[in-house]
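Undergrad: predicted model and sequence follow; I will ask about them next.
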Amino acid sequence: MDEIAFDTATSLAARLRAGEFKAEELAQHHIDRIEKYDRDINAVVVRDFERGLEAARDADRLLQSKEVTGKPLLGVPMTIKELYHVSGLQTTYGHPELTENIPDWDADAVTKHRAAGAVLLGKTNSPVDGGDFQTYNPVYGTTNNPFDLERTPGGSSGGSAAALAAGFAAVEAGSDIGGSIRNPAHYSGIFGHKPTWGIVPQYGHTATLLPNPQTDLVVCGPMGRSAEDLRLFLDITLGPEPLEATGWRVALPEPELATLSDFRVALWPTDDNAPVSTEISDRINEIGKLLADSGATVSDTARPAIDFRKSHEAYQNLLQSIISAGVSPERRKSNEARAAALDPEDMSDGALMSRSMVLSHADWLGANARRQRLRYQWREFFQDWDILICPQMATTAFKHDHSPFMRRTTRVDNLDQPYFQQIFWSGVVTSPLLPSTVFPTGLSTEGLPVGVQAVGDAYQDYKTIRFADLITRELGGFVAPPAYAD
């Protein structure tokens with residue numbers, strides 16, 4: 001196996017400091033892999049190799065002079081999701097009309113990673129407006145899963161996940177509102193962390209060339225091949241939005257739990273609101289047995305005192321309000337007409353989405369108040385439990401399906417379910433603004449990755465990452481896709 005390409009960012013940084021190889025050599029090694037393999041995968045769609053090699057040469061000069069203080073990623077290659085601004089590179093959000101949308105400033109995540117010494121090699125693919133469980137768009141085309149090119153790597157940070165899984169970069173910045181960090185991590189066999197909302201700035205994660213306000217529910221967060229790398233990324237990027245930086249700081253509590261036996265873990269293998277495949281629910285139960293054998297306190301019945309259907313409805317109210325906020329006046333009138341024509345007794349997911357697209361401000365405030373009650377209910381639950389383990393998606397990575405959204409279905413144990421029904425598992429965490437770390441648990445019977453969520457209380461991000469680190473030491477962690485391991 002190409003142990004350099006699949007090494008962790010933390011390890012590569014240490015090896016560079018030890019003089020095992022030069023940053024320029026490491027950058028060229030990753031560029032060579034992209035040029036060799038990415039024609040099939042199509043992950044790194046905006047390439048910045050010349051500037052990347054120049055940054056690597058600058059890193060070598062600092063490494064030679066031992067000026068490495070405050071630069072924990074000095075010389076380490078990275079890529080970043082297309083939705084982030086990088087000065088001089090286009091940000092299209094998948095829209096052909098935005099191919100000339102070229103900022104002259106960097107997103108916060110880019111600025112901080114560069115300050116930490118990372119070598120940026122380019123940007124990775126995402127679906128149109130970051131709005132799908134798959135990654136394809138009319139600008140860059142389709143990104144394929146390195147474990148099976150006929151399947152999706154997930155979305156919307158699908159290019160990010162595929163790049164990490166294929167050994168094109170050591171660390172990535174993704175973003176998440178409906179599982180966009182977490183489902184690609186699950187589908188592609190890597191680690192991904194959805195931070196507590198508000199602790200990582202969104203500055204520069206936008207299609208507009210002007211500074212953007214912080215969007216409700218959206219988070220920017222890390223993706224990597226180890227939990228240790230997630231922690232490092234979070235340490236680099238934690239902080240307030242630029243406008244708030246004068247007045248406040250982020251100070252997350254360090255977990256006091258040192259071994260798996262210290263954890264109190266609740267298991268939630270499936271739910272009638274969004275049933276998952278038997279293979280995924282069985283994997284969660286197997287993890288529960290491993291934890292119990294390790295001395296952890298484990299329950300498969302503990303749940304917060306929440307009506308999860310109503311929780312899902314509140315999430316859809318908030319989510320669809322965001323998604324529909326920027327539509328044209330004509331599209332809004334169409335949405336309003338569709339919602340007005342609904343039978344008042346229709347409480348289906350489709351009806352819920354339609355009504356949520358045209359909420360009045362008063363209705364949105366009601367949904368926000370319900371969300372606030374959910375946050376208190378989750379806080380009460382996490383007084384007794386450290387971690388909740390639950391699915392991220394209903395199945396492993398599925399085959400590409402570019403049919404119209406509302407015609408799509410998901411095949412779960414030989415039964416077709418509505419495509420977006422599985423967003424339940426993302427929303428149950430996203431709506432109350434909780435942190436969640438998706439970690440790999442090994443491969444399915446088809447040789448596809450299976451990841452699950454480790455959810456914690458708000459601001460307990462380090463705890464969920466610590467748990468993911470400890471459990472994957474037992475499970476084996478990241479496994480390279482066989483076709484790209486050499």
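TA: Perfect, thanks for sending it. Numbers count the residues shown, from 1 in each chain.
Undergrad: in contact with the residue nearest the centre of the chain, which residues are there?
TA: Relative to the mean C-alpha position of the chain, the nearest C-alpha, by Cα atoms, centre = their mean, is the one of I181, at 1.0 Å. Contact criterion Cβ atoms under 8 Å, 6 or more residues apart in numbering gives 157, 174-175, 192-194, 219, 221-223, 438 as the residues in contact with I181. Just so you know, the C-beta spots here come from the backbone N, C-alpha and C atoms, and that holds for glycine as well.
Undergrad: neighbour-wise, which of those residues leads?
TA: S157 (37 neighbours; other Cβ atoms under 10 Å).
Undergrad: that one reaches H186, doesn't it?
TA: No: taking contact to mean Cβ atoms under 8 Å, the distance of 11.4 Å between S157 and H186 leaves them out of contact.
Undergrad: quick one: common contacting residues for these two?
TA: Counting by Cβ under 8 Å, 6+ apart, the residues touching both S157 and H186 are G192.
Undergrad: all helices for the stretch 51-200 of the chain, in order.
TA: If you assign secondary structure with DSSP state H, counting those that start in this stretch, the helices in the stretch 51-200 of the chain sit at 108-115, 158-165, 182-188.
Undergrad: so how far is the second one off the chain centroid?
TA: What it means is helix 158-165. Counting by Cα atoms, centre = their mean, to the nearest Å, helix 158-165 is centred 11 Å from the centre of its parent chain.
Undergrad: what's the model's confidence in it, averaged?
TA: Over the span of helix 158-165, the pLDDT mean works out to 98.
Undergrad: please name every helix or strand in contact with it.
TA: strand 44-47, strand 77-81, strand 119-124, strand 171-176, helix 182-188, strand 219-224 (3 or more Cβ pairs under 8 Å, 6 or more residues apart in numbering; DSSP states H and E).
Undergrad: let's see that with 7 Å instead.
TA: Judged by 3 or more Cβ pairs under 7 Å, 6 or more residues apart in numbering; DSSP states H and E, helix 158-165 is in contact with strand 77-81, strand 119-124, strand 171-176, helix 182-188, strand 219-224.
Undergrad: may I see the buried residues of stretch 291-299?
TA: Using 16 or more other Cβ atoms under 10 Å as the test for burial, stretch 291-299 gives 291, 294, 296-298.
Undergrad: try stretch 114-130
TA: Neighbour counts using 16+ other Cβ under 10 Å place 114, 116-128, 130 of stretch 114-130 among the buried residues.
Undergrad: domains of the chain?
TA: Under the assignment named as automatic domain parsing, the residue ranges that make up the domains of the chain are 9-259+432-484, 308-377.
Undergrad: what ranges does the stretch 201-350 of the chain have for its strands?
TA: With DSSP state E, counting those that start in this stretch as the criterion, the stretch 201-350 of the chain has strands at 219-224, 264-267, 297-299.
Undergrad: adding distance to A245, write those strands out as TSV.
TA: As requested, those are arranged in TSV below (distance: least, Cβ to Cβ, whole Å):
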stretch	distance to A245
strand 219-224	16
strand 264-267	36
strand 297-299	40
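Undergrad: closest one to R17 among those?
TA: For the strands of the stretch 201-350 of the chain, the distance to R17 is smallest for strand 219-224, at 18.7 Å, taking Cβ to Cβ.
Undergrad: helices or strands next to that closest one in the packing?
TA: Contact here means 3+ Cβ pairs under 7 Å, 6+ apart; on that basis strand 219-224 packs against helix 158-165, strand 171-176, strand 191-194, helix 227-237.
Undergrad: of all those, which one comes closest to R331?
TA: For R331, the closest of the helices and strands packed on strand 219-224 is strand 171-176, at 23.7 Å, according to Cβ to Cβ.
Undergrad: adjacent strands (with direction) for that closest one?
TA: strand 77-81 (parallel), strand 219-224 (antiparallel) (DSSP bridges).
Undergrad: ranking the helices and strands packed on strand 219-224 by burial, who's on top?
TA: By mean neighbour count, with neighbours taken as mean count of other Cβ atoms under 10 Å, helix 158-165 ranks first of the helices and strands packed on strand 219-224 at a mean of 35.
Undergrad: now do that one against strand 171-176, angle only.
TA: For helix 158-165 and strand 171-176, the angle between their directions (axes from the mean of the first three to the mean of the last three Cα atoms, to 10 degrees) works out to 150 degrees.
Undergrad: buried ones in the longest helix seen in the chain?
TA: The helix that spans the most residues within the chain, counting by DSSP state H, is helix 361-381. Of all the residues in helix 361-381, those buried under the rule 16+ other Cβ under 10 Å are 367, 370-371, 374, 377-378, 381.
Undergrad: what of stretch 253-261?
TA: In terms of neighbour count (16+ other Cβ under 10 Å), stretch 253-261 has its buried residues at 255, 257, 260.
Undergrad: if I pick the last one, what's in contact with it?
TA: Spelled out, it's L260. Applying Cβ atoms under 7 Å, 6 or more residues apart in numbering, one finds that L260 lies in contact with 291, 294, 296, 470-471.
Undergrad: out of those residues, which is nearest to V429?
TA: In terms of Cβ to Cβ, no member of the contacts of L260 lies closer to V429 than I471, at 17.8 Å.
Undergrad: and for that closest one, the neighbour number?
TA: The criterion is other Cβ under 10 Å. On that basis, I471 has 26 neighbouring residues.
Undergrad: one more: L243?
TA: Applying the criterion other Cβ under 10 Å, we find 12 residues in the vicinity of L243.
Undergrad: could you dump the helices and strands packed on helix 158-165 to TSV with distance to L388?
TA: Conversion of the helices and strands packed on helix 158-165 to TSV gives the following (distance: least, Cβ to Cβ, whole Å):
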stretch	distance to L388
strand 77-81	27
strand 119-124	30
strand 171-176	17
helix 182-188	14
strand 219-224	18
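Undergrad: next, format those as TSV and append mean pLDDT.
TA: Supplementary listing: the helices and strands packed on helix 158-165 in TSV, determined by pLDDT from 0 to 100:
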stretch	mean pLDDT
strand 77-81	98
strand 119-124	98
strand 171-176	97
helix 182-188	98
strand 219-224	98
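Undergrad: out of those, nearest to V265?
TA: helix 182-188 (18.3 Å).
Undergrad: and that closest one, what does it pack against?
TA: Using 3+ Cβ pairs under 7 Å, 6+ apart as the contact definition, the elements that helix 182-188 packs against are helix 158-165, strand 191-194, strand 436-443, strand 449-455.
Undergrad: switch to 10 Å and redo it
TA: With contacts defined as 3 or more Cβ pairs under 10 Å, 6 or more residues apart in numbering; DSSP states H and E, the packing partners of helix 182-188 are helix 158-165, strand 171-176, strand 191-194, strand 219-224, helix 424-430, strand 436-443, strand 449-455.
Undergrad: and of the helices and strands packed on strand 219-224, who's closest to A397?
TA: Within those, the stretch nearest A397 is helix 158-165; the backing value is 9.8 Å (Cβ to Cβ).
Undergrad: tabulate the contacts of L260 (TSV), appending distance to Y459.
TA: Putting the contacts of L260 into TSV (distance: Cβ to Cβ, whole Å) gives the following:
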residue	distance to Y459
L291	23
S294	26
A296	22
L470	20
I471	21
